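> Here's my sequence, what's the structure:
(2 chains)
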2 protein chains.
Amino acid sequence: MMRVNLKTSLVIVCLLVMLVTLSIWTRCGGTLHSFSPSFTGRHDVLAKANSMRNGERSVGDATGSFEELDCSINGEYTVGCRREGEEVFLPFSFLHKYFEVYGKLASYDGYERFEWSHSYANVYYPKAKYDPRGVYMYFENYNVEVRDRVKCVSASEGVPVSIQWESQGYYYPTQIAQFGLSHYSKNLTEPEPRRKVLEDGSSEKSSWIVPVGASLARTYDAELFSHVLHFQTAGRGIQLKLDHVLDFVLSVQIQLSVVDNSSLTVVVQHRERKEFWNLHYTCSSQLIHAKDEDVYHGMNCGEKVQWRSLTRDLFVDLQKGLVLQNKEKRKISRSKFKISAIMLTGSGQLDNLTLSTSEHLAHFYAAARWFVSNQDFKTGGWANTVKRRGAPGMLDLLPGWYSAMGQGHGISVLARAYHLSGDKAYLAAAVQALRPFKVLSKDGGVLAMFLNQVPWYEEYPTQPPSFVLNGFIYSLIGLYDLITLAPKNFVSDATFLYEQGMKSLKTLLLSFDTGSGTIYDLRHLTVGSAPKIARWDYHATHVNQLLLLATLDQDPLFSSTAGRWVGYMNGKRAPHN
Amino acid sequence: MMRVNLKTSLVIVCLLVMLVTLSIWTRCGGTLHSFSPSFTGRHDVLAKANSMRNGERSVGDATGSFEELDCSINGEYTVGCRREGEEVFLPFSFLHKYFEVYGKLASYDGYERFEWSHSYANVYYPKAKYDPRGVYMYFENYNVEVRDRVKCVSASEGVPVSIQWESQGYYYPTQIAQFGLSHYSKNLTEPEPRRKVLEDGSSEKSSWIVPVGASLARTYDAELFSHVLHFQTAGRGIQLKLDHVLDFVLSVQIQLSVVDNSSLTVVVQHRERKEFWNLHYTCSSQLIHAKDEDVYHGMNCGEKVQWRSLTRDLFVDLQKGLVLQNKEKRKISRSKFKISAIMLTGSGQLDNLTLSTSEHLAHFYAAARWFVSNQDFKTGGWANTVKRRGAPGMLDLLPGWYSAMGQGHGISVLARAYHLSGDKAYLAAAVQALRPFKVLSKDGGVLAMFLNQVPWYEEYPTQPPSFVLNGFIYSLIGLYDLITLAPKNFVSDATFLYEQGMKSLKTLLLSFDTGSGTIYDLRHLTVGSAPKIARWDYHATHVNQLLLLATLDQDPLFSSTAGRWVGYMNGKRAPHN
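Numbering: from 1, shown residues only, chains lettered A, B, ... in the order given. Okay, the predicted model is just below:
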């Protein structure tokens, strides 16, 4: 009886369960054939069930609140959308390509959201009136020498070598100036560096390991008025063991003997993986070469033995050596390395061997010296020694061309160097650098006339002219820097050029305004092509430049335009009629 | 045994079913509490289950394939999105506002899709080289007189009266020309109209109902060299019963006596609702007025009794009368009405009373005559008699200003009228109309100089100049029309102006190119404001104008630019760097 009762109850429960099962199954949109092993969820089931209906598939509850739907885009192609009642939803992957907007999923304490960005660039709002004694724009954020298009920092000149337009490498005045200006600015914004003097021949002496046959002596040098370290090796080098982290800028005054194939070598080691690299500084005229763990920077000593100042960011030198061998490890971190030794080979002398967190002013002055040494005395120009291929409808720029941006940037460097040092050589070079501003680009200068009427200083002195906006404004900033920092009797030319240029800028500025962004140059007007839209980082540069100019010039054009252009970065548009 | 066996079998089946139930339930994402009565589908269940998780709700299968998600737009505001795996979907209602794109659900044989349009305007590709003897652009599609900004067609002049900038109404040369050019073009593209002559005093006679005290006679008129209908009424008018549909253009030669307060009245009736309206044509100098079912158009007969040609689109006259009383029934359809009677009141004469499908050439010549009669003999200009408020930063245009577009359009009308008729009065007026092109806008003409350098014919001769693109090109088309249709010894000025203008257009055309659309004018360069983006129909006008010019001028600028600008209408953009 007990057994039968139990069985009867079970049958009743069983029938109830079957009823519920059927109910759930119906709600789930089930059909009998979906009991197949391929059942992976109701989406798929319904997709199959509805695939007969012209591809329109319900996803969601039984009332069909959410459906797949084709979106026909301008009658040209189709994108898979979703529909929910009256609302149609479009996939971001399509919007990203169609409008070039940006987006990413972001999570905050478990709250996930999608962050839509109209642009990817940053605006830097000036805190005060622009002062040429202070930081240059926001260049304290620049790290010119680590850029991919920098082959390395030259050990002979202490300035970057560009490979932007020629893989062999060349000195690009604009880049050298940005290198100088970024270090000038970092010097003002970063904390005072740690400095550890390892050897100065007198008060600071290190324990060098001198192998048999080698010699080391601390002698007085009449040229430096200082005790220096004299070394000579036969086979193995003289070595200084170190275990130094973080402070990766080496500076030294050094005199190497060319005939002995001498070098100063810094051994850099990975702190965990025990890999090591030898950074060799030699007399070679070869800029840089690398093989396996050896990276060679040539100081191009020349015939005459002489004292040189060498300031090296060892980490940058290591990176460039790795990239050169296609061992591109961009993500390597400064904190993962240490300096494990310094070696001296051949013969020579050194003084003030130092490791520092940074030596920004040394880099800045390297740039400033480059501008003094590499200026064409007659024209005042800093030649771009590579050909730059012309855009469609334009002639190539042949080696030797000057850039208003390069001239202006160079002036910004030199004016600051004069301001800091009082050395008139910098001032003279800066004043001389104004000359190409007065020579038409077709005659080798940087001046072009818009509609034969409006003077413009050309970043690229193309034929026909290109009227690049950002380079022009940088040239104006250079002029302003000189006007501000030079003695009054040196500024009349710069003042004329600045005022003329500002007038032109006010005349043509809004030619670059598309109502939703900016145009990079006015080539479309001279060659009849499509306008070249400025990508967002150039657009942001335009904005940042206007914000700077608005601190110098009361014309509301600068502030109102900057405000509108900031809006474009957030998807605002100029009104239409 | 049997029973027990059955029960045992049932229990086994039951257990199996329970197992399957559990399996399905798990796949459906079920939890026990969702067995509640509020269960209406898995969307709701899961919504509740997940509502604790910061409002993020799963919609879809248990793997969470579809979720609500906040989209943060440029960090400024939030929009409700959907997420499906790696894809985020954004609602079109947001995209429509953010990007001003257009979309609608459309259905084709049960296949529903969403149609996304970047713009709403049309491009008309010319089939052949533009010929000033042929249709003007695509103006055969224009219906100028039905536009909201047309108060009515003047019964005295036969041309539209604008209320765009002044509600009282004024003659706007540009609009009058477009009225003329559209009818000239329709005359070429539409089929020959049906015409029914109701009364010409001789061969066609109607059965007029003449009440007691009124008289009707058919007499010979020495001025018209024709028999005409003479009428005189005391109380009630003379009536002609009609039952005429579709042919709603009435034309008649008529002479009304001012002193008798005479009128010709057409009774128009709704075919279903039996409502009727009386369209009165009187001698009044009042342009139009309306009260209830009576609409009055004044022919402004003046003191001297004279023959007038009256050509009326009765349907337009009815519409304007209704709008005037705010009985705006824009959607009324021509086919819903019939003409049920014509009445003559007072005294006068008429001839060639006709109902037609259309009388395009009559309308065209009305416009051409207006341009001959209303030209300032000294300046050659057609005055815009209303003030036009200046845009921010611009002075108002004071009454009397000339428009290069109005001049050019007028020339297009007159050149065609001369071509059709051979009447030298039209030619003389067209040539005279060139004069304002040579006078600076600040001196009362339409000529402005871009950067003191590039001549431009101003649609609006503003101070400072505005450099509207479409109006300038229309003025060039007018010049081209005259050059083409006038005898050779009349075209030297027009040729100079056309060539000068085409050169300017080529110089400045791409100043209007934003890389994703076009700018309406260059005011931003003269007043320092935001550029005024052309809305899509103006952009399409720019494109259509370039396509026309490309048939006249081999410079690839026109065709390449037109092609790119067409692309903008489909969401294409100029490249960025």
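> How about stretch A:368-383, which residues are buried there?
A:Ala368, A:Arg369, A:Trp370, A:Phe371, A:Val372, A:Asn374, A:Gln375, A:Thr379, A:Gly380, A:Gly381, A:Trp382, A:Ala383 (16 or more other CB atoms under 10 Å in any protein chain shown). Every residue, glycine included, has its C-beta placed from N, CA and C.
> send the alpha carbons of that stretch over as CSV?
Coordinates of each C-alpha in stretch A:368-383 appear next as CSV, following Å, rounded to 0.1, in the frame of the first residue of the first chain:
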residue,chain,number,x,y,z
ALA,A,368,71.3,75.4,-29.3
ARG,A,369,74.9,74.8,-30.3
TRP,A,370,73.8,72.8,-33.3
PHE,A,371,71.8,75.8,-34.5
VAL,A,372,74.8,78.0,-34.2
SER,A,373,77.1,75.6,-35.9
ASN,A,374,74.8,74.6,-38.7
GLN,A,375,73.4,77.8,-40.0
ASP,A,376,74.2,79.0,-43.5
PHE,A,377,76.0,82.2,-42.8
LYS,A,378,74.8,83.9,-45.9
THR,A,379,71.1,83.0,-45.9
GLY,A,380,70.6,82.5,-42.2
GLY,A,381,68.8,79.2,-43.0
TRP,A,382,69.1,75.7,-41.5
ALA,A,383,69.0,73.4,-44.5
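> on that earlier part again, now go through the buried residues of stretch A:368-383 and say which are in helices.
Counting by DSSP state H, the buried residues of stretch A:368-383 place A:Ala368, A:Arg369, A:Trp370, A:Phe371, A:Val372 in helices.
> can you tell me how far the residue nearest to the first one when sequence neighbours are not counted sits from chain B?
For A:Ala368, the nearest residue in space outside its immediate sequence neighbours is A:Ala417; the separation is 3.6 Å by CB to CB, 6 or more residues apart in numbering or on different chains. Taken as CB to the nearest CB, to the nearest Å, the spacing of A:Ala417 relative to chain B amounts to 32 Å.
> how about A:Ala417, what does it touch?
Residues in contact with A:Ala417 (CB atoms under 8 Å, 6 or more residues apart in numbering or on different chains) are A:Phe364, A:Tyr365, A:Ala368, A:Asp423, A:Tyr426.
> count of residues packed around the first one?
Just to be clear, that refers to A:Phe364. 24 (other CB atoms under 10 Å in any protein chain shown).
> In terms of helix, strand or coil, where does it fall?
Under DSSP: H, G, I helix; E, B strand; the rest coil, A:Phe364 falls in the helix class.
> quick one: the helices in the stretch 201-350 of chain A?
A:314-324 (DSSP state H, counting those that start in this stretch).
> Residue numbers of the stretch 351-500 of chain A in contact with chain B?
Counting by CB under 8 Å from any CB of the partner chain, the residues of the stretch 351-500 of chain A close to chain B are A:Phe450, A:Leu451, A:Asn452, A:Gln453, A:Val454.
> Remind me which helix or strand A:Met405 belongs to.
Element membership of A:Met405, judged by DSSP states H and E, is helix A:404-421.
> continuing past that helix, what's the next helix or strand?
Criterion used, DSSP H and E; the element after helix A:404-421 is helix A:424-432.
> Pairing partners for the one helix or strand A:Cys81 maps to, with directions?
Secondary structure from DSSP H and E places A:Cys81 in strand A:77-84. When pairing is defined by DSSP bridges, strand A:77-84 lines up against strand A:66-73 (antiparallel), strand A:87-91 (antiparallel).
> Go through that strand and flag the buried ones.
A:Val79, A:Cys81, A:Arg82, A:Arg83, A:Glu84.
> Local confidence estimate at the first one?
For A:Val79, the pLDDT comes out at 95.
> Do I have it right that it meets A:Val88?
No. When contacts are counted by CB atoms under 8 Å, A:Val79 is not listed as touching A:Val88 (10.8 Å).
> overlap in contacts of the two?
With CB under 8 Å, 6+ apart as the test, A:Val79 and A:Val88 both reach A:Cys71.
> so where's chain A uncertain?
Where chain A drops to pLDDT under 70, the residues are A:1-65, A:328-330.
> Outline the domain layout of it.
A:67-117, A:139-149+A:168-188+A:362-569, A:195-357 (the TED database).
> most neighbours per residue, which of these?
Neighbour counts (mean count of other CB atoms under 10 Å in any protein chain shown) averaged over each of these peak at domain A:139-149+A:168-188+A:362-569, with a mean of 21.
> tell me, what residue is most central in chain A?
Centroid-nearest residue in chain A, with CA atoms, centre = their mean: A:Arg147, separated by 5.5 Å.
> Not counting sequence-adjacent ones, nearest residue to A:Lys338?
Take A:Lys338 and drop its neighbours on the chain: the residue closest to it by CB to CB, 6+ apart is A:Val245, 4.7 Å away.
> err, A:Val150, not the other one
A:Pro160 (4.4 Å).
> need the contact list for the one you found.
Taking CB under 8 Å, 6+ apart as the criterion, A:Pro160 is in contact with A:Val144, A:Glu145, A:Val150, A:Lys151, A:Cys152, A:Val153, A:Ser154, A:Tyr172, A:Gln175, A:Ile176, A:Phe179.
> what is it paired to in the beta sheet?
Counting by DSSP bridges, A:Pro160 forms beta bridges with A:Val153.
> How much space separates it from A:Arg149?
With distances taken as CB to CB, to the nearest Å, A:Pro160 is found 9 Å from A:Arg149.
> How about A:Ser333?
22 Å.
> what packs against the strand or helix carrying A:Lys151?
Taking DSSP H and E as the definition, one finds A:Lys151 inside strand A:150-153. With contacts defined as 3 or more CB pairs under 8 Å, 6 or more residues apart in numbering or on different chains; DSSP states H and E, strand A:150-153 has these neighbours: strand A:160-162, helix A:314-324.
> could you dump those to TSV with distance to B:Val249?
Supplementary listing: the helices and strands packed on strand A:150-153 in TSV, determined by distance: least, CB to CB, whole Å:
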stretch	distance to B:Val249
strand A:160-162	76
helix A:314-324	81
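> chain center to the strand holding A:Lys151, what's the gap?
13 Å (CA atoms, centre = their mean, to the nearest Å).
> Go ahead and produce PDB holding the CA coordinates of it.
Presented in PDB, the C-alpha positions along strand A:150-153 are these (Å, rounded to 0.1, in the frame of the first residue of the first chain):
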ATOM      1  CA  VAL A 150      64.300  59.300 -34.500                       C
ATOM      2  CA  LYS A 151      67.100  57.000 -35.400                       C
ATOM      3  CA  CYS A 152      69.200  57.900 -32.400                       C
ATOM      4  CA  VAL A 153      70.700  60.900 -30.600                       C
END
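> For it, list every residue counted as buried.
A:Val150, A:Lys151, A:Cys152, A:Val153.
> Show me which of the residues you listed is closest to B:Tyr402.
The shortest approach to B:Tyr402 among these belongs to A:Val150, at 60.7 Å (CB to CB).
> That closest one and A:Asn326, how far apart?
Counting by CB to CB - A:Val150 and A:Asn326 are separated by 16 Å.
> So the nearest residue to A:Met449 once chain neighbours are set aside, which state does it fall into?
What sits nearest to A:Met449 in space, not counting adjacent residues and going by CB to CB, 6+ apart, is A:Pro455, at 6.0 Å. With three-state DSSP as the basis, A:Pro455 sits in strand.
> re the thing from before, quick one, which of the strands paired with strand A:77-84 gets closest to B:Lys104.
Smallest distance to B:Lys104 across the strands paired with strand A:77-84 (CB to CB): 9.5 Å, for strand A:87-91.
> Any chance you could list what contacts that closest one?
In contact with strand A:87-91 (CB under 8 Å, 6+ apart) are residues A:69, A:71, A:79-83, B:81-82, B:87-93, B:95, B:103, B:105, B:114, B:116.
> now swap in stretch A:474-492 and tell me
A:130-133, A:136-137, A:404-405, A:407-412, A:414-416, A:418-419, A:427, A:430-431, A:434, A:437, A:446, A:457, A:459, A:494-495, A:497-498, A:501-502, A:505, A:545, A:548-549, A:552.
> For the stretch 401-550 of chain A, which segments are assigned as helices?
A:404-421, A:424-432, A:469-485, A:492-508, A:523-527, A:536-552.
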